[in-house]
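[1] Provided below are the primary sequence and the corresponding predicted coordinates.
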Amino acid sequence: MAIDTPSKTTGARQGRRPASPLVPSRRRSARIWVRIVVTLLLIVEIYPLVWMFLTSLKSNSDYLNNSTWSLPTTWEWGNYTEAWTTGNIGLYIQNSLLAVLPALALILLLGTAAGFALQVMVWKGRSLTLLIFLAGMMIPPQMILLPLFTVYFQTGLSGTLWPLVLTYTGTGLPLTVFMMATYYKTVPRELFEAAALDGAGILRSFWTISVPMVRNAILTVGLVQFFFIWNDLLIALTFTNNQDLRTIQVGLLNFTGDFGATQYGPLFAAICINVFGTLVIYLFLNQKVMKGLTSGAVKG
């Protein structure tokens, strides 16, 4: 029987290195620096929004005569009413919705179906077809505006919102197809094979199996495309030759008051309506977007 002698015990205790008191202090200092960096980032992100909101409550003379960083001398809440009525922001938002929502629906429907066909279905030439879609991402939009303008004019589509819907759909499909095809790689093929053994066809496998499994990815791609299309200025400025067809971005670009003078208070009020409206949409769908970026096809 071995006896634990004091010397052995002392040696064993000496073999253990005591925790250094510097480790907790280092961790504490690292947390402080992280908090400082996060606070600075929040200030950089939030301060422009606060400044924009305060500027929207200034009068035109207050904006021109006082400092840019000063608070409003009088709080002009009527700027929002003027932006909505005189500035026609309501009409511009309506035009944006009429152009964005149909284009977004077509992008998601066609992009999801194309991603399913390129990754799940087996057919000759699908790799080449995917490369063609990827090549569409490399074409600058500026190169296709003049030919499209000519085509829309000759077909009688000018003067409507159809040029925006069709152009947004065409420019948004390459990225959507690529993202959906990439996400379909994570979907187990055994599910579709089991559905085929049960007698399910291609359309049924697409609607009842693939679409529910990639719904988070569809929501993520849809939100990304929504912000791309909503914030577009170049395409909307090219194809909207009528004031009644202006989208929100074109309307903000040409936001003027009486005699062509820029009314800065109502202008910033209109910008706030646009920015904070889209910000609310993003904050509401933020968790869904995170799930779409990180979740897999199945949970084991």
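    Now that the structure is in, tell me what you want to look at.
[2] quick one, what contacts Thr169?
    When the contact criterion is CB atoms under 8 Å, 6 or more residues apart in numbering, the partners of Thr169 are 103, 106-107, 110. Just so you know, the C-beta spots here come from the backbone N, C-alpha and C atoms, and that holds for glycine as well.
[3] and if you look at Val165?
    99, 102-103, 106.
[4] Using the three-state scheme, assign it.
    The three-state assignment at Val165 reads helix, by DSSP: H, G, I helix; E, B strand; the rest coil.
[5] so how far is Thr155 from it?
    Using CB to CB, to the nearest Å, Val165 is found at 14 Å from Thr155.
[6] same check, this time on Thr208
    Look at Thr208 and Thr155: by CB to CB, they are 38 Å apart.
[7] closest to Met138 among the contacts of Thr169?
    Nearest to Met138, judged by CB to CB, of the contacts of Thr169 is Ile107 at 18.3 Å.
[8] Run through the helices of the stretch 51-200 of the chain in chain order.
    Secondary structure of the stretch 51-200 of the chain by DSSP state H, counting those that start in this stretch: the helices cover 60-65, 78-85, 89-119, 126-136, 145-154, 162-184, 189-197.
[9] tell me the angle the last one makes with helix 89-119.
    Read that as helix 189-197. Computed by axes from the mean of the first three to the mean of the last three CA atoms, to 10 degrees, the angle separating helix 189-197 from helix 89-119 equals 80 degrees.
[10] where does the stretch 201-300 of the chain have low pLDDT?
    The model of the stretch 201-300 of the chain has pLDDT under 70 over residues 256-261, 288-300.
[11] Kindly recompute the last result at 80.
    254-262, 285-300 (pLDDT under 80).
[12] Can you tell me which of the contacts of Thr169 are buried?
    With neighbours counted by 16 or more other CB atoms under 10 Å, the contacts of Thr169 contain buried members at 103, 106-107, 110.
[13] Output these in JSON lines; the columns should cover distance to Ala117 and pLDDT.
    Listed next are these as JSON lines, based on distance: CB to CB, whole Å; pLDDT from 0 to 100:
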{"residue": "Ala103", "distance to Ala117": "21", "pLDDT": "96"}
{"residue": "Leu106", "distance to Ala117": "16", "pLDDT": "96"}
{"residue": "Ile107", "distance to Ala117": "16", "pLDDT": "96"}
{"residue": "Leu110", "distance to Ala117": "10", "pLDDT": "95"}
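[14] returning to that earlier point: which one of the contacts of Val165 is nearest Gln249?
    Distances from Gln249 to the contacts of Val165, taken by CB to CB, are shortest for Ala99, at 10.9 Å.
[15] Contacts only, for the closest one.
    Residues 161, 164-165, 168, 229, 236, 247 are the ones in contact with Ala99 under the rule CB under 8 Å, 6+ apart.
[16] Pick out whichever of the residues you listed sits closest to Trp33.
    Checking these against Trp33 with CB to CB, the nearest one is Ile229 at 39.7 Å.
[17] Quick one: list the elements packing against the helix or strand that closest one falls within.
    For Ile229, the host element (DSSP states H and E) is helix 215-230. When contacts are defined as 3 or more CB pairs under 8 Å, 6 or more residues apart in numbering; DSSP states H and E, helix 215-230 packs onto helix 89-119, helix 162-184, helix 264-294.
[18] how far off helix 89-119 does the last one point, in degrees?
    Using the same axes, to 10 degrees, the interaxial angle of helix 264-294 with respect to helix 89-119 works out to 20 degrees.
[19] Tell me the confidence at the residue nearest to Ile202 when sequence neighbours are not counted?
    Leaving out its chain neighbours, the residue that sits closest to Ile202 by CB to CB, 6 or more residues apart in numbering is Met121, at 7.0 Å. Met121 is assigned a pLDDT of 86 by the prediction.
[20] how close does Met121 sit to Arg189?
    Taken as CB to CB, the span from Met121 to Arg189 is 11 Å.
[21] Ok, Leu145 next?
    Taking CB to CB, one finds Leu145 at 41 Å from Arg189.
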